[in-house]
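Participant: how would this look folded up:
(2 chains, ligands or ions: 2)
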Amino acid sequence: MQVNDFLRYTIYGLRAQRLRSFLTALGIGVGIGAVVLLTSLGEGLHHFVLAEFSQFGTNLIAINPGKVTTHGISGALVSNVRPLTIEDTENLKKLPQILDAVSVVQGNAAIEAGSHQRRTTIYGVDASASRVWRFAVAAGRFLPDDPPRAARSFTVLGSKVRQELFGSTQALGMRVRIGGELFRVIGTMESKGQLLGFDLDDAVYIPASKALALFNRESLMEIDLLHSTNSSSTVVAEQVRKVLAGRHGSEDFTITTQEKMLDVLGGVLGTLTIAVGALGGISLLVGGVGILTIMSIAVNERTGEIGLLRALGVGRNQILALFLGEAIVLAAIGGLAGLGLGIGGSWLVSLLVPALPSHTSWGYVVSAELLAALVGLLAGVLPARRAARMHPVEALRAE
Amino acid sequence: MIHLQHIERIFLVGDEEVHALSDVSMTAADGEYIATMGPSGSGKSSLLNIMGFLDRPDSGSYELDGIKVSELEEQQQAEIRRHKIGFVFQFFHLVPRLTAFDNIALPLMLSGMKQEERQVRVNAALAAFGLANRAGHRPDQLSGGQRQRVAIARATIMQPSVILADEPTGNLDRSSGIEVAEILEELNHQGITLIMVTHDPDLGRRARRQILMVDGRIEHDKLWYPEETAHADP
Ligand SMILES: Nc1ncnc2c1ncn2[C@@H]1O[C@H](COP(=O)(O)OP(=O)(O)O)[C@@H](O)[C@H]1O
Ligand SMILES: [Mg+2]
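Facilitator: Ligands and ions are numbered 1, 2, ... in the order given. Prediction:
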């Protein structure tokens, strides 16, 4: 039997029961649509988050005080941990592979300008921050390369803070009070948007030493290093560990390479995508049960036809193939409709919620369609086998 | 040539054995026209099903054109049935969603013949059976006689050597029935072996050879010479 004839025969069969076939295909369609839509969103989220994290560069290494063990963060609150200091940062800068290093202190404080006031996130950093984090300044300039312990009281405002405090008036050169201390605004940042719910624009940058004093802290919260692309992050991390351990007398800090962070993040998001895909898989299962039911009914109704086909010299195997094929075609049609639903749906989502971009990969699309066909195949096995095993004489008598 | 020897077909109904066929032996030469008659339940259909190997005998042997069919696998039997045997049924057994054309083309399609070739064969058959202007009609748009003609066209489209017709006129009015019988007889004239089960004695008498079945046995198997009839009927 030729393929196009098979398809025609099958389509005629399905068309003879339009509503029923439509509903069954719809079941599979919804399943496939859900799989495609959800995995697209999952993938999109994955890409999005990875892009957000690597916008700061991919050769970053972060050092935090305290040692993270497999049992969780210990040490951070324990007194025998030596503080991370600005001197540590300066020392690490001397390593040949380290291109730049930023001391980071973070906290919340009020910032006042004239009658306007706002509580915001204060980042104590130094001149390197704009290079390491790839921050771009919209107006003025970033913090100058002052001696770290004797930095002048300059500040750079995030775009939202600038907007809230100064509106459309000039901010550069103005004086502001941060936690009671006076600072002069020397620059404003470009808008960076949000990262996982954190408003990166609702921030103010001051020198790290000033922030330590402001928050009355001894230790930096983090040192971020930018290393050259020639050396692997593990090698650099090892050198950093040696230098710092030498200075501190023990390893009372934690080194996280960006690579590792992205790995962990990727793992989590990958799991999320799979979980979400599994959810769609359940609806596929339901669709499969629908096909099983419909094909069983079809085999019952067409018992006479099965008898006739046998009388015309069709063997059991061909009967099996005919009904299996019909189940697969039905599922594949549903699958195609589902691909339309899924791709259209994810397009719609990315249109309505631009922050949540979707990403439909062809690999998923093709495997989703194959999956639909497979569901049809599996669901068709039982009814098709029953059709093939019928006794032709009994089948003929059924009509 | 059909050659049956000591065919037994037993059905179990509850605890009871029903001998649908018991010790049936017969031979049908190529091109013969045989009418099979007998009361309801006497085993006529069972015999036809065995001859078309839609059913297997419980014992006995069956040869078709020298092939020992009862020893073959199901797939091989299907293959032989496809090429050598045409079934015609009382209830036509047309596929309701297919047109007359597609119903007739069904065996060709199933055996993988190309569309263009099919077109020629089926159009010729439609014309031969007086269905040329019914090609696009579905079974429910055809009369009983037309349906049976479609079924006969389908049964003969593969050019079989045997036609097994189980009460082909049983569901038709008298004139349609005679028309269908004439068509089958015309096919027989062209050399096809025709074995026809019928209830109708008038129809049965048209065959040269008549078999009477009773209780699963062949009661009479006689050749009827038209000359004799002519002598008896002045
Ligand atoms: N599948 C079956 N199961 C049980 N008994 C059957 C079956 N098929 C036929 N028979 C019995 O076999 C006998 C012959 O049946 P059949 O060949 O159909 O007779 P006919 O065609 O002459 O009316 C009947 O008694 C019938 O009840
Ligand atoms: Mg019968």
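Participant: burial count for residue A:351?
Facilitator: For residue A:351, the tally of surrounding residues (other CB atoms under 10 Å in any protein chain shown) stands at 9. Glycine gets a C-beta too; all of them are placed from N, C-alpha and C.
Participant: and residue A:286, how many residues sit next to it?
Facilitator: Residues near residue A:286, counting by other CB under 10 Å, number 13.
Participant: actually, residue B:35.
Facilitator: 24.
Participant: from what I can see it touches residue B:212, true?
Facilitator: No - using CB atoms under 8 Å, residue B:35 is not in contact with residue B:212, being 9.4 Å away.
Participant: wait, is residue B:12 part of a strand?
Facilitator: Yes - remark: residue B:12 belongs to a strand, assigned using DSSP: H, G, I helix; E, B strand; the rest coil.
Participant: beta-bridge partners for it, please?
Facilitator: Per DSSP bridges, the residues bridged to residue B:12 are residue B:17.
Participant: tell me the confidence at it?
Facilitator: You'll see residue B:12 listed with a pLDDT of 93.
Participant: the helix or strand containing residue A:289 close to chain B?
Facilitator: In this assignment (DSSP states H and E), residue A:289 forms part of helix A:258-301. No - using CB under 8 Å from any CB of the partner chain, helix A:258-301 stays clear of chain B, coming no nearer than 10.3 Å.
Participant: name the helices or strands packed onto that helix?
Facilitator: helix A:18-54, strand A:60-65, helix A:233-248, helix A:316-352, helix A:362-389 (3 or more CB pairs under 8 Å, 6 or more residues apart in numbering or on different chains; DSSP states H and E).
Participant: can these go into a markdown table with extra columns for distance to ligand 1?
Facilitator: Putting these into a markdown table (distance: least, CB to the nearest ligand atom, whole Å) gives the following:
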| stretch | distance to ligand 1 |
| --- | --- |
| helix A:18-54 | 31 |
| strand A:60-65 | 80 |
| helix A:233-248 | 78 |
| helix A:316-352 | 19 |
| helix A:362-389 | 15 |
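Participant: nearest to residue A:144, out of these?
Facilitator: With respect to residue A:144, and counting by CB to CB, the nearest of those is strand A:60-65 at 22.8 Å.
Participant: centre of the chain to stretch A:133-140, how far?
Facilitator: Remark: stretch A:133-140 is offset 26 Å from the chain centroid, using CA atoms, centre = their mean, to the nearest Å.
Participant: list of residues touching that stretch?
Facilitator: Applying CB atoms under 8 Å, 6 or more residues apart in numbering or on different chains, the external contacts of stretch A:133-140 come out as A:55-57, A:102, A:129-130, A:142, A:156, A:159, A:171-172, A:185-192, A:224.
Participant: how long is that stretch end to end?
Facilitator: One end of stretch A:133-140 to the other measures 18 Å (CA to CA, to the nearest Å).
Participant: ok so, going back, could you export the helices and strands packed on helix A:258-301 as JSON lines, including mean pLDDT and distance to chain B?
Facilitator: Below are those laid out as JSON lines (pLDDT from 0 to 100; distance: least, CB to the nearest CB, whole Å):
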{"stretch": "helix A:18-54", "mean pLDDT": "82", "distance to chain B": "11"}
{"stretch": "strand A:60-65", "mean pLDDT": "88", "distance to chain B": "65"}
{"stretch": "helix A:233-248", "mean pLDDT": "88", "distance to chain B": "63"}
{"stretch": "helix A:316-352", "mean pLDDT": "91", "distance to chain B": "6"}
{"stretch": "helix A:362-389", "mean pLDDT": "92", "distance to chain B": "10"}
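Participant: circling back to that earlier point, can you name the next helix or strand after the helix holding residue A:289?
Facilitator: helix A:303-311.
Participant: output the contacting helices and strands for that following helix.
Facilitator: Other helices and strands packing on helix A:303-311, by 3+ CB pairs under 8 Å, 6+ apart, are helix A:316-352, helix A:392-397.
Participant: does any bit of that helix sit next to ligand 1?
Facilitator: No - counting by CB under 6 Å from any ligand atom, ligand 1 has no neighbours in helix A:303-311; the shortest distance is 12.5 Å.
Participant: low-confidence regions, chain B specifically.
Facilitator: Where chain B drops to pLDDT under 70, the residues are B:224-234.
Participant: in it, what residue lies closest to chain A?
Facilitator: residue B:82 (2.4 Å; CB to the nearest CB).
Participant: which ones are touching the nearest residue to that residue once chain neighbours are set aside?
Facilitator: Counting by CB to CB, 6 or more residues apart in numbering or on different chains, residue B:82 lies nearest to residue A:313, which is 2.4 Å off, once chain neighbours are set aside. Neighbouring residues of residue A:313 by CB under 8 Å, 6+ apart: B:78-83, B:85, B:107, B:110-111, B:158.
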